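J.: Here's a sequence, model it:
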Amino acid sequence: STTPYSKMKQISCIFLAFSICAAFLACGCANYRLAGTAVNLPFSSVYVSPVRNVSYAPQAAPLLTNAISKALMQVPDLRVAYQSEAQATLSTTIVNYEKIPIATKASDTALAASYRITATAVCTLTRSNGQVIFKDRPVKAFITVYTGPNNNLISNEYESMPVLMRELGDKVKDAVIGIW
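T.: Below is the predicted model of the structure:
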C-alpha cells in the first residue's frame, strides 16, 4: 500500500527530474540564434566590391552587387561605405549557375514546363587590417522559372534574374551579419 509519505516522495522526484530537464534545456538554448541574426560585428562599415561572375548567369554581376548593397543597408548597425572609409571589404564571385527541369508539359513530356535555377557564389570578408573573417564561404539561392504557354524560357529567365540575385544577396547579407 502507498503511504502519503511515499506519494510525496514520488511527486518530489518527478518535480526534481522535470527541473533538471528544464535547466539543461535552458542552458542548451541560451546561445541559440537563428541564421541571419546579427551578432556584434567586429566592424561597423563594409565596402561591397563589384561582384565577379565566372558562371553562365546572364547579367548577374551588377544585379548581385546592387542586391548585396541594398540588403546590407537594411542592417541597423552596419553601413555600406567607400573602400577608403570601410572597416571591412566583401568580395563575392558567382561560381555556378544551373538550370534543372523540374516539371514537364502535359502535352509533351520531352519539354520542360518549369526549371529550378540555382546560383552559387563564394564570399570573402576581410577587415581593413588584412584579417580574414571568412574566406570563400559558399552561398546558394534558387528560384523556379516557368516556360509559359510559348515555351519561352529565355525571356522568363531574364525577367527572373533580379529575383534570384535578390535572394542570393539576402543570403550573402546573412553570411556577413551572422558570423559564427
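
J.: Show me where this structure dips below the pLDDT cut-off.
T.: 1-5, 21-39, 109-110, 179-180 (pLDDT under 70).

J.: if you set the cut-off to 80 instead, what comes out?
T.: Low-confidence segments of the chain (pLDDT under 80): 1-40, 104-112, 148-155, 179-180.

J.: For it, which segments are assigned as strands?
T.: 45-48, 52-53, 79-80, 88-104, 112-127, 132-146 (DSSP state E).

J.: Deepest-packed of these, please.
T.: Sort the strands of the chain by mean neighbour count, taking mean count of other Cβ atoms under 10 Å, and strand 45-48 sits at the top with a mean of 22. Backbone N, C-alpha and C define where each C-beta goes, glycine included.

J.: helices and strands around it, which ones?
T.: Applying 3 or more Cβ pairs under 8 Å, 6 or more residues apart in numbering; DSSP states H and E, one finds that strand 45-48 contacts helix 60-73, strand 79-80, strand 88-104.

J.: repeat that for 10 Å
T.: Under the contact criterion of 3 or more Cβ pairs under 10 Å, 6 or more residues apart in numbering; DSSP states H and E, strand 45-48 touches helix 60-73, strand 79-80, strand 88-104, strand 112-127, helix 153-177.

J.: ok now the second one, how far from the chain's centre?
T.: Shown here is strand 79-80, whose average C-alpha point lies 19 Å from the average C-alpha point of the whole chain (Cα atoms, centre = their mean, to the nearest Å).

J.: Now render the strands of the chain as CSV, adding distance to residue 162.
T.: Converted to CSV, the strands of the chain look like this (distance: least, Cβ to Cβ, whole Å):
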stretch, distance to residue 162
strand 45-48, 17
strand 52-53, 15
strand 79-80, 19
strand 88-104, 14
strand 112-127, 12
strand 132-146, 10
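
J.: and of these, who's closest to residue 73?
T.: strand 79-80 (5.6 Å; Cβ to Cβ).

J.: Quickly run through the sheet partners of that closest one, with directions.
T.: strand 45-48 (parallel) (DSSP bridges).

J.: List of residues touching the partner strand?
T.: Outside strand 45-48, the residues within contact range by Cβ atoms under 10 Å, 6 or more residues apart in numbering are 64-73, 75, 78-92, 125-128, 169, 172, 176-177.

J.: Return the alpha-carbon coordinates of that strand using PDB.
T.: Output of strand 45-48 as PDB, limited to C-alpha atoms (Å, rounded to 0.1, in the frame of the first residue of the first chain):
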ATOM      1  CA  SER A  45      31.200  49.700 -42.200                       C
ATOM      2  CA  VAL A  46      31.700  47.500 -45.200                       C
ATOM      3  CA  TYR A  47      32.700  48.000 -48.800                       C
ATOM      4  CA  VAL A  48      31.000  45.800 -51.300                       C
END
